[in-house]
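Q: What follows is a protein structure lacking sequence information:
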Ligand code: VGL
Ligand code: ZN
């Protein structure tokens with residue numbers, strides 16, 4: 001074969017392969033299968049307007065999450081689930097106000113208003129969240145002295161929640177993360193999912209951030225440096 005003929009042959013092959021792999025109607029659709037899971041982070045009353053730690057427009061993620069959930073076979077829900085007087089609450093320290101920080105044994109801790117206390121209505125999932133096929137709920141932040149933004153590992157960076165083991169035993173390889181708040185629990189969950197070896201996508205329009213002193217832009221930058229993909233719900237739904 002001449003070099004020109006070889007080039008033409010290879011071009012024809014690659015165009016044919018591309019056409020077969022990407023039919024026009026699904027050209028940019030991300031591929032979901034039994035090895036993908038949707039993780040819905042902390043869509044609880046505490047984090048929507050009217051709750052104890054409201055995220056601006058937090059309730060607007062609910063219809064987007066309900067819609068994307070329709071295309072997943074595997075769904076995991078998380079709930080922030082604190083003890084009263086939790087170490088992440090400003091009220092647990094004299095002279096501290098919410099959104100200030102303190103030093104704990106594991107590092108700098110942002111101090112929050114009392115929120116998501118175990119068993120309260122404030123800690124319940126948002127009433128319009130419609131995830132009948134969700135398979136597991138991971139609760140986190142229940143250790144009185146340690147916060148847990150991440151659904152995989154507590155803030156001491158030592159104590160696993162069990163979620164990585166659960167997903168791995170179920171042969172999940174790719175996780176799509178949604179929920180609240182983008183710059184805290186979503187970002188920490190996404191980065192720990194990468195650390196645990198998963199392929200990770202954050203569905204941006206299914207998240208909202210707190211944005212404390214520039215934390216939202218910083219979180220996206222950190223996620224991107226760890227190989228977390230930033231996508232929109234339309235990339236899955238076509
Ligand atoms: C969260 C702050 C404190 C979150 C939880 O879900 O992002 N943020 N606790
Ligand atoms: Zn919390």
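A: Arrived safely. Quantities reported herein were computed from a predicted structural model and do not represent experimental measurements. Ligands and ions are numbered 1, 2, ... in the order given.
Q: Could you give the number of residues near residue 134?
A: 17 (other Cβ atoms under 10 Å). Where you see a C-beta, it was placed from the backbone N, CA and C, and this is true even at glycine.
Q: my guess is it meets residue 77, correct?
A: Yes - Residue 134 is in contact with residue 77 according to Cβ atoms under 8 Å; the separation is 5.0 Å.
Q: and for these two, which residues touch both?
A: With contacts taken as Cβ atoms under 8 Å, 6 or more residues apart in numbering, residue 134 and residue 77 have residue 40 as neighbours in common.
Q: The closest residue to residue 113 other than its chain neighbours: what secondary structure?
A: Spatial nearest neighbour of residue 113, chain neighbours left out: residue 98 (4.5 Å); criterion: Cβ to Cβ, 6 or more residues apart in numbering. Each residue gets one of three states, and residue 98 gets coil by DSSP: H, G, I helix; E, B strand; the rest coil.
Q: and the gap between residue 98 and ligand 1?
A: According to Cβ to the nearest ligand atom, to the nearest Å, residue 98 and ligand 1 sit 10 Å apart.
Q: Make sure that residue is actually in contact with residue 88.
A: No - in this structure residue 98 lies outside contact range of residue 88 using Cβ under 8 Å: 10.4 Å.
Q: Which one's more surrounded, the two?
A: The neighbour comparison of residue 98 against residue 88 (other Cβ under 10 Å) goes to residue 88, with 24 against 15.
Q: what's the closest non-adjacent residue to residue 235?
A: Leaving aside its chain neighbours, residue 235 sits nearest to residue 30 (5.5 Å; criterion: Cβ to Cβ, 6+ apart).
Q: what residues are up against the one you found?
A: Residue 30 neighbours (Cβ under 8 Å, 6+ apart): 201, 231, 235, 236.
Q: Return the residues in contact with residue 174.
A: By Cβ under 8 Å, 6+ apart, the neighbours of residue 174 are 35, 36, 37, 198, 199, 200, 201.
Q: Tell me which strands the longest strand out of those in the chain pairs with, and in which orientation.
A: If you go by DSSP state E, the chain has its longest strand at strand 199-208. Counting by DSSP bridges, the strands paired with strand 199-208 are strand 174-180 (parallel), strand 229-231 (parallel).
Q: Which SSE is immediately downstream of the longest one?
A: Right, strand 174-180. Using DSSP states H and E, the next helix or strand after strand 174-180 towards the C-terminus is helix 187-195.
Q: re earlier: what helix or strand is the residue nearest to residue 235 on?
A: Counting by DSSP H and E, no helix or strand carries residue 30.
Q: That one and residue 135, how far apart?
A: 21 Å (Cβ to Cβ, to the nearest Å).
Q: what residues go with each domain of this protein?
A: Structural domains assigned to the chain are 1-27, 31-237, following automatic domain parsing.
Q: Go through those and pick out the most buried.
A: Of the domains of the chain, the one with the most neighbours on average (mean count of other Cβ atoms under 10 Å) is domain 31-237, at a mean of 19.
Q: Quick check: bridge partners of residue 230?
A: According to DSSP bridges, the partner residues bridging residue 230 are residue 202.
Q: That one and residue 202: what is the separation?
A: Residue 230 sits 6 Å away from residue 202, taking Cβ to Cβ as the criterion.
Q: quick one: common contacting residues for the two?
A: With Cβ under 8 Å, 6+ apart as the test, residue 230 and residue 202 both reach residue 223.
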